[in-house]
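> Provided below are the primary sequence and the corresponding predicted coordinates.
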Amino acid sequence: MEEHRNKALEYLNASKLNFEHGFYDIASVLAEEALYLYLVTCLINHEVAIPWYLDFDGLLRILERHDNKISEFRKNRRIIKALDQIRIMFRYSSLISISRDDAKELISFVESII
């Protein structure tokens, strides 16, 4: 578990570095990947059988059963929707355009969970 959390933190740190250098799109994708890796690792740690694909709300909903703090994060529907959109667009090699403010908010959200 700790190894996977460390990998998620590496992604998050890379996200912050890209943000600092003005690469907001890349920073957002790395933050999304960090969170996805972290949440899936948490599910595995709780011995939850994971379907082949879960969106962020689904991951958070399942984890909510094991950690009460997660319910607070699920309230931020706009960020969760943005994370899902980034995940889909990145997987299909679509252009992603994220503003500085949105990237900053997204990174802060991911950091608060990890």
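Ah, there it is.
> And the contacts of stretch 10-18?
For stretch 10-18, the external contacting residues (Cβ atoms under 8 Å, 6 or more residues apart in numbering) are 24, 26-28, 30-31, 33-34, 37, 107, 110-111, 114. All C-beta atoms are positioned from the backbone trio N, CA, C, and that covers glycine.
> quick one: which of those is nearest residue 77?
residue 110 (15.6 Å; Cβ to Cβ).
> Could you list the buried residues of the helix or strand containing the closest one?
If you go by DSSP states H and E, residue 110 is part of helix 100-113. For helix 100-113, the neighbour count (16 or more other Cβ atoms under 10 Å) marks 103, 104, 105, 106, 107, 109, 110, 111, 113 as buried.
> cool, stretch 82-93 as well?
Residues of stretch 82-93 classed as buried by neighbour count (16+ other Cβ under 10 Å): 82, 83, 86, 87, 89.
> so what's the third one up against?
Contacts for residue 86 were tallied using Cβ under 8 Å, 6+ apart; they are 28, 29, 32, 96, 98.
> repeat for the second one
With contacts taken as Cβ under 8 Å, 6+ apart, residue 83 has the following neighbours: 32, 35, 56, 106.
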